[in-house]
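> Build me a structure from this.
(2 chains)
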Amino acid sequence: MRVLMFGWEFPPLISGGLGTACYELTRTLSRHGNKIIFVVPRAGTQERKSHVKLVAAAEVPLPYPTNVEEFFHALSIKPVDSILRPYLTDEDYPMVLNAATGTPGDQAPAATGEPASPSSIMATAEHYGRNLMAEVARYSEIGEELALTETFDIIHAHDWMTFLAAMRAKRASGKPMVAHVHAVEYDRSGDHVNQSIFEIEKLGMEAADHVIAVSHYTRELILSQYGINPGKVSVVHNAVSRRQAGKVYHVPQSPKKKTVLFLGRVTSQKGPEYFVEAAARVLEKMPEVTFVMAGAGDMLARMIERVGELRIGTHFHFTGFLQGHDVERMYAMSDLYVMPSVSEPFGLSPLEAMIYDVPVILSKQAGVNEVLPYALTVDFWNVDDIANKILAVLKYPALSRELLRNGRKALHSIRWEVAAERIQLLYNKLAV
Amino acid sequence: MPPISLTLNIHQPTRLKHYSFFDIGNSTSYEDESRTFEAINQLTNDCIQPASHILLKRLKEYGGDFRIALAVSGLALDQFQRYTPEVLDTFKALSDTGHVEFLAAPYYHSLASVFSLQEFKEQVLMHHGFIQALTGRPPTAFRNTALIYRDELALEVERLGYQVMLSGGGSRLLGKRSPDRVYRPTDCTTLKLLVNNYRLSDDMSRRFTHSDSPDTPPTSAGFARWIHQEHPFRGGLISLSLDLEPFSRRNLDDPGLFLFLDKLPETVLLHKGGTFQTPSQAVSHRASASLSSADFIAGENPEQDLSPWMGNEMQKDALNALYLLETRIKGSHDPSLLLTWRILQASDHFLFMSTQREPAPGPHHAANPYGSPYDAYINFMNIVTDFSERIPG
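This is a model prediction of the structure:
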């Protein structure tokens, strides 16, 4: 089957779970004999009239050893010149636009710390949209063009920024569309929902022939907040692969000095403030523990200030945004991973942590709990309980061992192949 | 149909407080008294009193043709004495019929038989004394917590003077033999062994506690017919074990258990050879063979082993941490420390830490106040950490 997929990122540039999920799904779907036309925004891609540049598989740097040749044979990557990127917000857009076009902005760049695309300085891209919505609308034009130039049997779009493009492709081609929802606006913004984004999500899911939610948690939101017909919304859980973790670092962990890690976007969705407050509580009882907050986001400055206020700066480190081997090294250095998310549609990083034999404490709000029958969970707002559980993991080694044992057992069945099989069945059903 | 030896088990663990790491060194109270009281009160009023009322009536009516055994943990007896002392009068009345046998057991429903034979003996003697004072008769049959057995233990039970021991079974103990016979533990000379028929016992309690299984609740007629079909001949003895506690959680409008008990004598006695025997009456049976297991056998899960209590690292760690304190506790000669230590030994606390995927519908499952096995472990370890800091030496 030929799949027109509107996705995000590609190794080695991956900033979060969305990019990882796209990569793993294309990899496993291509094994099923699918040909995937993978459309991805990439700032500074050589501007052509069509906004499209066809890149032969050979021109794409191989992210992993060449035993995946077959995969790249099955894949045609189409970078589209756009400064869209996962997790981009309205507020951050001007900064990203300025960075891409080289125009000095009115404001100093916010400390999101997310990496600017390497080729961005080369761009002379006054054609980018003046705000996020405009850029999303501009990007959607690609859908129509591809519908006219490519042959495909099905359209598969990942998250709201690509929904308009997919809808246009559907209208122009008459092919069925799958909307794959990794997060909804409610996850990202809580009560401060951006109405335009909400509308696009709703439109996209309504237009789609089928909607895939990454968890039952997300499916519930789709039904209750967006009123989508339950009959066309199914759950395909994300997964994790050993290979994804790359080579495993062996960092000698000092038995005395324990490291507790927060890794993710430092935004209200991820609950970083609960991690900071819990750290202060833990340090009252175990002053020798080190806390690390790895990631960037709009709450980072506030978190740094709070750590100062609490006078725990000597035990609390900020690494900024990490990727690739730095992420792996970070996991390998840690004794415990904490994810106190306020809302988490799935949450891939705990699975990655488990691959590095790092036990995890998870928010009860995380969709990933659905695939982990025995996870150590907390209410994200219950700082005392988070601290209590951090202390328990650090003080009672049997707890760590048990968490890792149950984690390994669960990881066996959490495979991308399973997700791909389910999606394949869906394709087969839709493309008749 | 062979005789039926039915044991009804009564136990309630002490409910523990939510005890955080931050409570260590700051709070010495571990028991959630109001929740313990609530549980005991409910068990008394919704289960023990109504069930006993029916049993008393039938026991008197049928004379010696209807008999049962009761295994009541010392921990539960203590709590009845404290909160609902009328239960002790009920037990006395049951015993006075002459047709109810009270079994000896480790007082605190503990796994002491696995960790410390000395502590095990002390708890059995305590329980023995309580039962003797309550009923006026010394118990002669012994039922270990969770029907735990191994050869070494059987020898100890024989040395303590018991004539019969109830145990779990499974292929490790029975091989291909039937559980429905009276056996002799290897090396023992007088002690007889009654092996619990796990399949029948489990099926019976499942049907009582899971309203979604077919034929729920079972009728005593169906039950008797089933036993009779499977065991048409008279040989041997069918040993059954049923926990009473789960029934206190059932809707009171649902008279399943009570009807079952009410009709049980009538329907069993109807069948040819259908009789009731208490465990000590099994002494009259000749032991059909000797059984041996050097490893621990238990009776409450399909594997008939200790895995529900000791199946994972947390459980082993918590048990080790607790039993490591024995020498210091006993050296302190402080009765209140000893009592706390023993209350913490109740097997339930470890069952709550189980991570077996499909935990056997354990007897005290609904008594579990914890959201996850980790929560159970963390709470317990915080308490043990505080407790061990309080022991002198």
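> C-alpha only now, for contacts and for neighbours.
Fine.
> doesn't residue B:143 make contact with residue B:167?
Yes - applying Cα atoms under 8 Å as the test, residue B:167 and residue B:143 come out as touching, 7.1 Å apart.
> residue boundaries of the strands in the chain?
Unless you meant another one, I'm taking chain A. A:2-6, A:35-41, A:75-80, A:154-158, A:177-181, A:210-213, A:233-235, A:259-263, A:290-294, A:316-320, A:336-339, A:360-363, A:376-378 (DSSP state E).
> The chain in question should be chain B.
Using DSSP E, the strands of chain B run over residues B:4-10, B:68-72, B:100-102, B:141-143, B:164-167, B:182-185, B:192-195, B:238-243, B:290-291.
> Who are the packing partners of the first one?
Packing contacts for strand B:4-10, counted by 3 or more Cα pairs under 8 Å, 6 or more residues apart in numbering or on different chains; DSSP states H and E, involve strand B:68-72, strand B:238-243.
> Mind checking the ones you listed for the one nearest to residue A:22?
For residue A:22, the closest of the helices and strands packed on strand B:4-10 is strand B:238-243, at 52.6 Å, according to Cα to Cα.
> How far does that closest one sit from its chain's centre?
Per Cα atoms, centre = their mean, to the nearest Å, the displacement of strand B:238-243 from the mean C-alpha position of its chain is 10 Å.
> what does stretch A:18-28 give?
Offset of stretch A:18-28 from its chain centre (Cα atoms, centre = their mean): 10 Å.
> Report the buried residues of that stretch.
A:18, A:19, A:20, A:21, A:22, A:23, A:24, A:25, A:26, A:27, A:28 (16 or more other Cα atoms under 10 Å in any protein chain shown).
> Distance-wise, check the first one relative to residue A:213.
As defined by Cα to Cα, to the nearest Å, residue A:18 lies at a distance of 13 Å from residue A:213.
> Between these two, which contacts overlap?
Common neighbours of residue A:18 and residue A:213, counting by Cα atoms under 8 Å, 6 or more residues apart in numbering or on different chains, are residue A:182.
> that older thread, so can I have CSV of the strands of chain A showing distance to residue A:139, mean pLDDT and mean neighbour count?
Converted to CSV, the strands of chain A look like this (distance: least, Cα to Cα, whole Å; pLDDT from 0 to 100; neighbours: other Cα atoms under 10 Å in any protein chain shown):
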stretch, distance to residue A:139, mean pLDDT, mean neighbour count
strand A:2-6, 11, 93, 23
strand A:35-41, 8, 88, 23
strand A:75-80, 8, 78, 22
strand A:154-158, 13, 96, 26
strand A:177-181, 17, 97, 28
strand A:210-213, 21, 97, 26
strand A:233-235, 26, 96, 21
strand A:259-263, 30, 97, 24
strand A:290-294, 31, 97, 23
strand A:316-320, 29, 95, 17
strand A:336-339, 33, 97, 25
strand A:360-363, 35, 96, 24
strand A:376-378, 40, 95, 24
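> who wins for proximity to chain B among those strands?
Chain B lies closest to strand A:376-378 among these, at 6.4 Å (Cα to the nearest Cα).
> excluding its backbone neighbours, what's nearest residue B:129?
With Cα to Cα, 6 or more residues apart in numbering or on different chains as the measure, residue B:138 is the residue that lies nearest to residue B:129, at 7.6 Å, once sequence neighbours are left out.
> For that neighbour, grab phi and psi.
In terms of degrees, to the nearest 10, the main-chain angles of residue B:138 are phi -70, psi 140.
> What residues does the stretch 1-150 of chain B have near chain A?
With Cα under 8 Å from any Cα of the partner chain as the criterion, the stretch 1-150 of chain B meets chain A at residues B:20, B:21, B:22.
> residue ranges for the helices of the stretch 201-350 of chain A, please.
Here the stretch 201-350 of chain A has its helices, by DSSP state H, counting those that start in this stretch, at A:216-226, A:272-285, A:300-309, A:325-333, A:349-355.
> ok, now the stretch 201-350 of chain B?
B:220-230, B:245-248, B:256-270, B:307-310, B:313-323, B:326-332, B:335-343, B:348-351.
> Return the most buried member of the ones you listed.
helix B:348-351 (a mean of 26; mean count of other Cα atoms under 10 Å in any protein chain shown).
> Report whether that one contacts chain A.
No - using Cα under 8 Å from any Cα, helix B:348-351 never reaches chain A; the gap is at least 13.7 Å.
> what's in contact with that helix?
With contact meaning Cα under 8 Å, 6+ apart, helix B:348-351 is reached by B:13, B:308, B:309, B:310, B:315, B:318, B:319, B:364, B:376, B:377, B:380.
> May I see those residues arranged in JSON lines, with pLDDT as well?
Listed next are the contacts of helix B:348-351 as JSON lines, based on pLDDT from 0 to 100:
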{"residue": "B:13", "pLDDT": "91"}
{"residue": "B:308", "pLDDT": "94"}
{"residue": "B:309", "pLDDT": "96"}
{"residue": "B:310", "pLDDT": "96"}
{"residue": "B:315", "pLDDT": "97"}
{"residue": "B:318", "pLDDT": "98"}
{"residue": "B:319", "pLDDT": "98"}
{"residue": "B:364", "pLDDT": "44"}
{"residue": "B:376", "pLDDT": "95"}
{"residue": "B:377", "pLDDT": "97"}
{"residue": "B:380", "pLDDT": "98"}
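> re earlier: ranking the helices and strands packed on strand B:4-10 by mean pLDDT, which is last?
Sorting the helices and strands packed on strand B:4-10 by mean pLDDT places strand B:238-243 lowest, at a mean of 92.
> With only the CA atoms kept, save that strand in PDB.
Written as PDB, here are the backbone C-alpha positions of strand B:238-243 (Å, rounded to 0.1, in the frame of the first residue of the first chain):
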ATOM      1  CA  ILE B 238     -12.900 -34.400  51.400                       C
ATOM      2  CA  SER B 239     -11.200 -31.500  53.200                       C
ATOM      3  CA  LEU B 240     -12.600 -28.100  52.300                       C
ATOM      4  CA  SER B 241     -11.700 -24.700  53.400                       C
ATOM      5  CA  LEU B 242     -13.800 -21.600  53.100                       C
ATOM      6  CA  ASP B 243     -13.000 -18.000  54.200                       C
END
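> what does that strand contact?
B:2-10, B:179-181, B:194-198, B:200-201, B:204-205, B:363.
> just to revisit the earlier point, ok, now which ones touch the residue nearest to residue B:129?
Residues in contact with residue B:138 (Cα under 8 Å, 6+ apart) are B:128, B:129, B:131, B:132.
> contacting residues for the last one?
For residue B:132, the contact set (Cα under 8 Å, 6+ apart) comprises B:138, B:139.
> ok, now how distant is it from chain A?
Applying Cα to the nearest Cα, to the nearest Å, the value for residue B:132 to chain A is 42 Å.
> for the third one, same thing?
According to Cα to the nearest Cα, residue B:131 stands 39 Å off from chain A.
> cool, and the first one?
When Cα to the nearest Cα is the yardstick, residue B:128 and chain A sit 36 Å from each other.
> residues in chain A within reach of chain B, list them.
Residues of chain A lying near chain B (Cα under 8 Å from any Cα): A:285, A:374, A:376, A:385, A:388-389, A:391-392, A:396, A:398-399, A:401-402.
> mind running it again at 7 Å?
Contact residues (Cα under 7 Å from any Cα of the partner chain) of chain A with chain B: A:376, A:388, A:392, A:398, A:399, A:402.
> from these, which two are the most distant?
A:388 and A:402 (17.3 Å).
> For the two, indicate the residue with more neighbours.
Of the pair residue A:388 and residue A:402, residue A:388 is the one with more neighbours under other Cα atoms under 10 Å in any protein chain shown, namely 23 against 19.
> Quick check: which ranges of the chain have low pLDDT?
Picking chain A for this. For chain A, the stretches with pLDDT under 70 are A:11-13, A:44-73, A:102-126, A:242-255.
> not quite, I wanted chain B
For chain B, the stretches flagged by pLDDT under 70 are B:208-218, B:234, B:247-256, B:357-366.
> run the last query once more with 50
The model of chain B has pLDDT under 50 over residues B:358-364.
> Mark which of the contacts of strand B:238-243 are buried, thanks.
Neighbour-count burial (16+ other Cα under 10 Å) applied to the contacts of strand B:238-243 gives B:2-10, B:179-181, B:194-198, B:200-201, B:204-205, B:363.
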